[in-house]
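> Prediction below, plus the sequence it came from.
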Amino acid sequence: MEIIIRPTQEQCASIGGRIIANLIKRKSDAVLGLATGSTPIPLYSELARMHKDEELSFSEITTFNLDEYIGLSGDHPCSYQFFMNEELFGKIDIRSDFTHIPNGEAEDIESECLEYEDAIRSSGGIDLQVLGIGSDGHIGFNEPGSSLGSRTRIKTLTGKTIEDNARFFDNSNQVPRHCITMGVGTIMDSASLILFAFGEGKADIISKAVEGPVSAMVPASILQLHPSVKVIVDEAAASKLANLDYYNEVYANKPDWQE
Ligand code: F6R
């Protein structure tokens, strides 16, 4: 795991944007895994800026989102489809038929999940997956206790996640109880991953995910076993890391050839 700590969210997003731009330069038809929530918003703004100011093109890019609420249509303002259209897809030159988000209104959820897995496989697999982290350690909506080998499936959100996400809805009763999410195993199949976390509220869980034992009770901790993960966090989210000084030293002395 490479831990990159920068003072602000914007500086973290700028590093993330550069990593994605470099990938697209190397592979114009790369497959990106995308997240929603507050965390990736600065990254998506940066990608939209790079598209506008630096001619970064997404015309051949395929995307797969991690998750979607069950029961919300794509034009519901709290759906992740709506979020992606507003925050990213509507601002770049991506082809809408190259973007994928689980269908939370599918009649047959089980088939929807199997087809989602097939679509990821048929695309050649995810080159780079963007992740946020829930305050309970979830990635995607793989809540504590999720199988570390799980695939795309229906999950029930924890009370904590419902409480955390109520800020996007009028009240917590409106937050759907169920979602479709890529599994932990699906996420771990990505060739590389970047996990972003910002703010003091994520400091405890970042220290557990990065420095604690690998455990299904902290699903993000499985990333310790992946060969290509960058954890990009602001100083507030990094504040409880025991090896903080070492991570800063590694980043400051990174050889040029390592990008
Ligand atoms: C969203 C997702 C979740 C969020 C997590 C953090 O697609 O998969 O794992 O990344 O709940 O949410 P925020 O960024 O709102 O703190």
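Structure received. Numbers count the residues shown, from 1 in each chain.
> Could I get the full set of strands for the protein?
Secondary structure of the chain, counting by DSSP state E: strands at 2-6, 31-34, 62-65, 67-69, 99-100, 128-131, 153-156, 178-181, 192-197, 229-234.
> export these to a markdown table and tack on mean pLDDT?
A markdown table is the format used below for the strands of the chain (pLDDT from 0 to 100):
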| stretch | mean pLDDT |
| --- | --- |
| strand 2-6 | 98 |
| strand 31-34 | 98 |
| strand 62-65 | 98 |
| strand 67-69 | 97 |
| strand 99-100 | 98 |
| strand 128-131 | 98 |
| strand 153-156 | 97 |
| strand 178-181 | 98 |
| strand 192-197 | 98 |
| strand 229-234 | 98 |
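> can I get these in a markdown table with distance to Pro219 and mean neighbour count?
All C-beta atoms are positioned from the backbone trio N, CA, C, and that covers glycine. Below are those laid out as a markdown table (distance: least, C-beta to C-beta, whole Å; neighbours: other C-beta atoms under 10 Å):
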| stretch | distance to Pro219 | mean neighbour count |
| --- | --- | --- |
| strand 2-6 | 18 | 19 |
| strand 31-34 | 15 | 24 |
| strand 62-65 | 17 | 22 |
| strand 67-69 | 13 | 24 |
| strand 99-100 | 22 | 19 |
| strand 128-131 | 10 | 25 |
| strand 153-156 | 11 | 18 |
| strand 178-181 | 10 | 24 |
| strand 192-197 | 11 | 23 |
| strand 229-234 | 14 | 24 |
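> quick one, what contacts Gln174?
Taking C-beta atoms under 8 Å, 6 or more residues apart in numbering as the criterion, Gln174 is in contact with Cys78, Ala166.
> re earlier: between the strands of the chain, which one is nearest to the ligand?
With C-beta to the nearest ligand atom as the measure, strand 67-69 is the member of those nearest the ligand (4.9 Å).
> any low-confidence regions in this structure?
259 (pLDDT under 70).
> what does it have sitting close to the ligand?
35-39, 66-67, 132-134, 138-141 (C-beta under 6 Å from any ligand atom).
> Buried only: go through those residues for me.
When these are checked for burial by 16 or more other C-beta atoms under 10 Å, the buried set is 35-37, 39, 66-67, 132-134, 138-141.
> Which of those sits closest to Ser207?
Nearest to Ser207 among those: Ile133, at 11.4 Å, using C-beta to C-beta.
> show me the contacts for the closest residue to Leu66 other than its chain neighbours.
Sequence neighbours aside, Gly140 is the residue nearest to Leu66 in space, at 4.1 Å (criterion: C-beta to C-beta, 6 or more residues apart in numbering). Residues counted as contacts of Gly140 (C-beta under 8 Å, 6+ apart) are Ala35, Leu66, Asp67, Leu131, Thr181, Met182, Gly183, Val184, Thr186, Ile187.
> tell me the contacts of the closest residue to the ligand within the stretch 51-200 of the chain?
Nearest residue of the stretch 51-200 of the chain to the ligand, counting by C-beta to the nearest ligand atom: Gly132, 2.5 Å away. By C-beta under 8 Å, 6+ apart, the contact set of Gly132 is Ala35, Gly37, Ser38, Thr39, Pro40, Ile139, Leu195, Phe196, Ala197.
> Can I get those in CSV including distance to Val250?
Output for those, formatted as CSV (distance: C-beta to C-beta, whole Å):
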residue, distance to Val250
Ala35, 25
Gly37, 28
Ser38, 28
Thr39, 23
Pro40, 24
Ile139, 23
Leu195, 17
Phe196, 18
Ala197, 18
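> Looking at these, which one is closest to Thr161?
Nearest to Thr161 among the contacts of Gly132: Gly37, at 10.3 Å, using C-beta to C-beta.
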